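Mind looking at a prediction? Sequence and model below.
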2 protein chains.
Amino acid sequence: MTDVATEKPRRGRPPVSDEQRQRQRLDLSRHAVRLFAEQGVAATSGEQIAHAAGVSERTFWRYFPHKESCVEPLLTKMVDAFCAVVRAWPRELELIDHLREAYSPLLDAASDEDIEAVLAVVRLTHGEQALRAAYLMLRERAEDALAEVLAERAGLPQDTIEVRVQAAAMSAVLKVATDDVARAAAGGVTRDTLEGHREQIAAALRGLSRML
Amino acid sequence: MTDVATEKPRRGRPPVSDEQRQRQRLDLSRHAVRLFAEQGVAATSGEQIAHAAGVSERTFWRYFPHKESCVEPLLTKMVDAFCAVVRAWPRELELIDHLREAYSPLLDAASDEDIEAVLAVVRLTHGEQALRAAYLMLRERAEDALAEVLAERAGLPQDTIEVRVQAAAMSAVLKVATDDVARAAAGGVTRDTLEGHREQIAAALRGLSRML
DNA sequence: TCTTTATTGGCACCAACTGCCATTAAGCGC
DNA sequence: GCGCTTAATGGCAGTTGGTGCCAATAAAGA
């Protein structure tokens, strides 16, 4: 019984697909972020976000446990993208070189709107403490994904001090660079700003190694 | 008018001293943490904490903006201690060596109770998301202090990418090590556990430099 | 003592969530 | 098309974190 792919004599309405659910969350997220930027987090009520997205307040609260977690879907997009790049990092290449190769196609794939939205959120997380907290929590979750990749590369278990420190440091580098590029892109994003991001990361890595 | 030390023809009840206020906060903090550990954060109400510390709920909310920020005073103690050590880091010494020298007296100075309480909080921040968020926010504030020290050492402005990355990485190292030692000290703290902390940090720094 | 200012406590109030139940939507066999 | 079954939604009441406001008290100096 109850096998991996447990038997499915499905009847009745099927549960909505996972991607569908994510899409809904992302949509709510976009509306929320727009309102946050316009009026501030405190002045934006759950009801307002819900109705802006055309759903009842009750279902809004079913999609998000707190108001601030509305930023999560958008930010996850960014973090996931970075994790994917790191995951594809070939063993024989320097990280910086890999970034140079893998980063541009990734930027082309994403819609300009979403990039702008993500950077707007990052900018919002300064000044809006509640959002900053959500951002930091998310980053820490991403750190685990990073640790997984690094562990595999080093052939070490994931909960080694060494692996976790490297993941944490790398995550910190990305955070600083991201904050910086978000600030730089305050008034309109250009291709240069984004290419600059890669160079920021490269510079940051150099600064790190100089520390010893 | 309104000079640096502005004229003080004080009348009426003088405002309570700053350290007095901190003491009050710290007291509330201890009660809060005890209750959090016993029953969980969600099950502990502001009213409960307030009355445990012998003040009205209203004044409790005047000391803390949110329930979770109750952990702040205790955690600040730890972070401040580390910052002090870093601030006293002489230019000609390796960081690891400085830690070896400066760490022990610091541990002797702190009361065992407080050390235990701080580690208990850190342990709580796993599993209690709200507390984790508060913890991360606090760490980021500490990162700025760290950046200040590092900037002065390097003779660079504080908002340089290089300085901020180093501060972030160092903070990350401390975070991983702290989490680890808190976990290790789950059932009673010994002097060894704490000395171990220093060695954790040392090992973490080595792991970091190996990353390049 | 009286005056002045700081802190406290009590109460009403709002907004963030949650539980519960009726309603609607989406599949499937007929 | 029509039921049957299960998932998602919406509405409503209720709880709880947290704030604004005002009266009461505490701590000084005159």
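Yes, it's here.

Residue A:169: which element?
Under the criterion of DSSP states H and E, residue A:169 resides in helix A:161-184.

If you compare the directions of that helix and helix B:161-184, what angle comes out?
Angle, helix A:161-184 to helix B:161-184, by axes from the mean of the first three to the mean of the last three Cα atoms, to 10 degrees: 140 degrees.

okay, now residue A:58: neighbour count?
Each residue near residue A:58 was counted by other Cβ atoms under 10 Å in any protein chain shown, and the total is 9. Using the backbone N, CA and C atoms, a C-beta is placed for each residue, glycine as well.

The helix holding residue A:169 and chain B in contact?
Yes. With Cβ under 8 Å from any Cβ of the partner chain as the measure, helix A:161-184 is seen reaching chain B through A:161-166, A:168-173, A:175-177, A:180.

buried stuff in the strand or helix carrying residue A:145?
Mapping residue A:145 onto the secondary structure by DSSP H and E places it in helix A:129-154. Taking 16 or more other Cβ atoms under 10 Å in any protein chain shown as the basis for neighbour counts, the residues of helix A:129-154 that come out buried are A:130-140, A:142-143, A:145-151, A:154.

and chain B, which of these contact it?
Counting by Cβ under 8 Å from any Cβ, the members of the buried residues of helix A:129-154 near chain B are A:132-134, A:136-137, A:140.

Give me the domain ranges for chain A.
By the record's domain assignment, chain A is partitioned as A:18-68, A:70-211 (automatic domain parsing).

near chain B, anything from the first one?
No. Domain A:18-68 lies apart from chain B when judged by Cβ under 8 Å from any Cβ; the minimum separation is 9.2 Å.

coming back round to it: averaging pLDDT over each of the domains of chain A, which comes out lowest?
Looking over the domains of chain A, mean pLDDT reaches its minimum on domain A:70-211, with a mean of 88.

Residues of chain A that sit close to DNA strand D?
A:11-16, A:24, A:55-56, A:58-59, A:62 (Cβ under 7 Å from any atom of the strand).

Quick check: which element contains residue A:58?
When secondary structure is defined using DSSP H and E, the element that contains residue A:58 is helix A:57-63.

Mind telling me which residue of chain A is nearest DNA strand C?
Nearest to DNA strand C, among the residues of chain A, is residue A:13, at 3.1 Å (Cβ to the nearest atom of the strand).

helix/strand/coil for that residue?
When classified by DSSP: H, G, I helix; E, B strand; the rest coil, residue A:13 comes out as coil.

confidence score at it?
So residue A:13 comes in at 95 (pLDDT).

Kindly tell me how buried it is, as a neighbour count.
By the measure other Cβ under 10 Å, the count of residues near residue A:13 is 6.

that older thread, outside of the helix holding residue A:58 itself, list whatever touches it.
Contacts with helix A:57-63, where a contact means Cβ atoms under 8 Å, 6 or more residues apart in numbering or on different chains, come from A:24-25, A:28, A:46-47, A:49-51, A:53.

Take those and lay them out in JSON lines including distance to DNA strand C.
As requested, these are arranged in JSON lines below (distance: Cβ to the nearest atom of the strand, whole Å):
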{"residue": "A:24", "distance to DNA strand C": "13"}
{"residue": "A:25", "distance to DNA strand C": "15"}
{"residue": "A:28", "distance to DNA strand C": "13"}
{"residue": "A:46", "distance to DNA strand C": "5"}
{"residue": "A:47", "distance to DNA strand C": "6"}
{"residue": "A:49", "distance to DNA strand C": "9"}
{"residue": "A:50", "distance to DNA strand C": "10"}
{"residue": "A:51", "distance to DNA strand C": "12"}
{"residue": "A:53", "distance to DNA strand C": "15"}
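
By neighbours, which of those residues wins?
residue A:49 (24 neighbours).

how close does that residue get to residue A:74?
When distance is defined by Cβ to Cβ, to the nearest Å, residue A:49 is 13 Å away from residue A:74.

same thing with residue A:205?
Shown here: residue A:205 relative to residue A:74, a distance of 26 Å by Cβ to Cβ.

same thing with residue A:150?
With distances taken as Cβ to Cβ, residue A:150 is found 26 Å from residue A:74.

quick one: is the strand or helix carrying residue A:118 near chain B?
Residue A:118 belongs to helix A:112-124 when elements are defined using DSSP H and E. No. Helix A:112-124 lies out of reach of chain B by Cβ under 8 Å from any Cβ, never closer than 13.9 Å.
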